[in-house]
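> I need the structure of the sequence given here:
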Amino acid sequence: MKKTLILILGSFFIFTACDMKSGSDGEVNSTTPAKSNLSLAYVNSDSLATNYEYFGEISKQLEEKRAKFEKEFANRANGLQRQIEDYQKTAKNMTIAQARAVEEDLTRKQQNLQQYQQSLSQELLKEEGLLNKKLYEAVATFLKKYGEEHQLDFIFKHSTGGEIWYGDSSMDITSDVIDGLNKAYNSKDTLEETITADSTSLN
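Here you go, the predicted model:
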């Protein structure tokens with residue numbers, strides 16, 4: 001009998017082949033008996049985030065990207081601020097028409113700077129989403145194989161402030177999972193290729 005494997009990581013939900021059989025019309029056959037004894041385990045996501053090396057790499061990449069964007073924005077903002085200060089120093093020597101033209105130009109540059117800041121924020125969010133997706137796929141792919149190899153029906157995420165208040169320590173596979181993830185991470189020449197190849201079975 002094939003096992004039901006459900007992986008719960010954050011807001012992601014993966015459902016693979018299960019015991020229930022579908023009829024010709026696609027509806028689940030309700031006559032299939034439910035499994036009485038389920039094999040459960042959980043992973044402490046706080047420990048996983050702290051000790052999984054790939055998570056550290058993802059975090060570092062995001063921090064470097066964020067620092068780069070902040071520096072680019074600061075350079076433009078400082079440049080505009082200098083122009084504003086220069087205008088304030090020389091405005092008294094300008095005609096009304098000249099002052100108005102400079103003010104309009106500075107206003108336009110301020111608007112462009114705001115749009116630039118928004119575009120940087122959107123790009124950073126997009127980058128964060130892509131990196132988090134890679135991280136999720138790496139963990140989900142590993143847990144799917146781990147669950148199948150250890151004949152587990154459910155692997156839950158346990159975190160501080162999460163929905164699971166207590167779990168028997170015998171069900172805690174965190175250390176084993178972290179060791180396995182880091183071993184896989186360090187042994188793969190190209191982690192992304194492995195994730196891409198394996199993640200197709202998660203869809």
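
> use CA for all of it now, contacts and neighbours both
Will do.

> taking the centroid of this protein, which residue is nearest it?
Residue closest to the mean C-alpha point of the chain, counted by CA atoms, centre = their mean, is residue 132 at 2.2 Å.

> which residues touch that residue?
Residues in contact with residue 132, defined by CA atoms under 8 Å, 6 or more residues apart in numbering, are residue 58.

> how close does it get to residue 55?
Distance from residue 132 to residue 55, counting by CA to CA, to the nearest Å: 9 Å.

> same question, residue 103
In this view, residue 103 and residue 55 are 48 Å apart by CA to CA.

> which of these two has more neighbours?
residue 55 (21 against 15; other CA atoms under 10 Å).

> helices and strands of this structure: which one bottoms out on pLDDT?
strand 12-15 (a mean of 34; mean pLDDT, DSSP states H and E).

> give me the phi and psi angles of the residue nearest to the centre of the chain.
Dihedral angles phi and psi of residue 132 (degrees, to the nearest 10) take the values phi -70, psi -30.

> domain assignment for the protein?
Structural domains assigned to the chain are 6-15+38-53+135-202, 57-128, following automatic domain parsing.

> can you tell me which of those the model trusts least?
If the domains of the chain are sorted by mean pLDDT, domain 6-15+38-53+135-202 sits at the bottom with a mean of 79.

> just the helices in this structure please.
Using DSSP state H, the helices of the chain run over residues 45-51, 53-90, 96-149, 174-187, 191-199.

> any idea which of those gets closest to residue 37?
Among these, the nearest to residue 37 by CA to CA is helix 96-149 (15.5 Å).

> compute the inter-axis angle for that closest one and helix 174-187.
For helix 96-149 against helix 174-187, the angle by axes from the mean of the first three to the mean of the last three CA atoms, to 10 degrees is 110 degrees.

> residue 38: which of the helices of the chain is closest?
When the helices of the chain are compared by CA to CA, helix 96-149 sits nearest residue 38, at 12.3 Å.

> just want the angle from the closest one to helix 53-90.
If you take the same axes, to 10 degrees, helix 96-149 sits at 170 degrees to helix 53-90.

> determine which stretch of the domains of the chain is the most buried.
domain 6-15+38-53+135-202 (a mean of 15; mean count of other CA atoms under 10 Å).

> ok, now how distant is residue 172 from residue 152?
From residue 172 to residue 152 the distance is 12 Å (CA to CA).

> what touches both of these two?
By CA under 8 Å, 6+ apart, residue 172 and residue 152 have these common neighbours: residue 41.
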